[in-house]
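> What follows is a predicted protein model with its sequence.
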Amino acid sequence: MKMRMSTLLIGSILTVNLLSVATQVTATATVDVYKSPTCGCCDKWVDHMRDHGFTVKTHDVGNKEIRKKSGVSETVGSCHTALVNGYAIEGHVPASDVIRLLKEKPKAIGLAVPDMPHGSPGMEGSRSDPYNVLLLKERDQTRTDATIYNRYDPYAKKAEPLPKDVEAEKSSSVMRLK
């Protein structure tokens with residue numbers, strides 16, 4: 001019993017520490033977003049970032065110039081470009097991936113979600129499509145050369161627990177020969 005309680009205590013402490021790190025990352029990060037003044041999905045993405053603790057400043061001047069200046073290829077382009085702690089964030093990248101990027105600090109230009117996939121932050125609605133968050137390691141890197149940083153697939157089949165009789169059979173130590 002004592003062992004279980006100490007394991008729970010350690011798990012709780014680790015969880016609090018991880019949440020603290022994520023909070024520190026977002027509390028110190030200001031996100032500068034370059035977007036069109038009339039883009040509603042960009043405004044929703046800004047709200048998403050604020051909801052996750054980021055301070056956000058918007059610049060309603062479009063994003064073509066800042067995208068080019070940041071080294072983000074048009075092939076991974078979207079409707080807004082953000083800058084945070086030296087990284088470019090192109091498009092509807094989830095806040096959790098930005099937090100991970102800021103925590104891991106890889107040598108990279110930034111992250112991109114090309115186009116405007118349904119179901120991504122700011123593009124919520126009745127439809128959700130699979131999409132990838134790309135890690136851009138070099139200036140002007142194209143989609144095909146970028147590394148997949150995270151995958152989002154609302155249709156991916158979740159692993160289901162095995163039925164009890166299959167689980168028992170799987171754990172038995174009987175060797176089967178042909």
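In hand now; what should we look at? Numbering: from 1, shown residues only.
> Contacts only, for residue 116.
41, 78-79, 91-92, 123 (C-beta atoms under 8 Å, 6 or more residues apart in numbering). Using the backbone N, CA and C atoms, a C-beta is placed for each residue, glycine as well.
> And those, which of them are buried?
By neighbour count, with 16 or more other C-beta atoms under 10 Å, the contacts of residue 116 hold 41, 78-79, 91-92, 123 as buried.
> Which of those residues sits closest to residue 136?
Each of the buried ones among the contacts of residue 116 was scored against residue 136 by C-beta to C-beta, and residue 91 proved nearest at 11.4 Å.
> Could you find the closest non-adjacent residue to the closest one?
Excluding the flanking residues, the one nearest residue 91 by C-beta to C-beta, 6 or more residues apart in numbering is residue 78, at 2.8 Å.
> List the contacts of that neighbour.
90-92, 112-116.
> now residue 130
Contacts of residue 130 (C-beta under 8 Å, 6+ apart): 117, 151-156.
> Closest one of the residues you listed to residue 97?
Using C-beta to C-beta, residue 152 is the member of the contacts of residue 130 that lies nearest residue 97, at 9.4 Å.
> Please name the nearest non-neighbouring residue to residue 57.
Per C-beta to C-beta, 6+ apart, closest to residue 57 is residue 32, 5.2 Å.
> So the one you found lies in a strand, does it not?
Yes - with DSSP: H, G, I helix; E, B strand; the rest coil as the criterion, residue 32 is part of a strand.
> beta partners of it?
For residue 32, the beta-bridge assignment (DSSP bridges) gives partners residue 57, residue 83.
> what are the ranges of the helices in this structure?
Applying DSSP state H to the chain gives helices spanning 2-28, 40-51, 64-70, 95-104, 164-171.
> Tell me the helices and strands packed up against the shortest one.
Under the contact criterion of 3 or more C-beta pairs under 8 Å, 6 or more residues apart in numbering; DSSP states H and E, the helices and strands touching helix 64-70 comprise strand 30-34, strand 81-84, strand 87-91.
> Since that was my last question, I'll sign off now.
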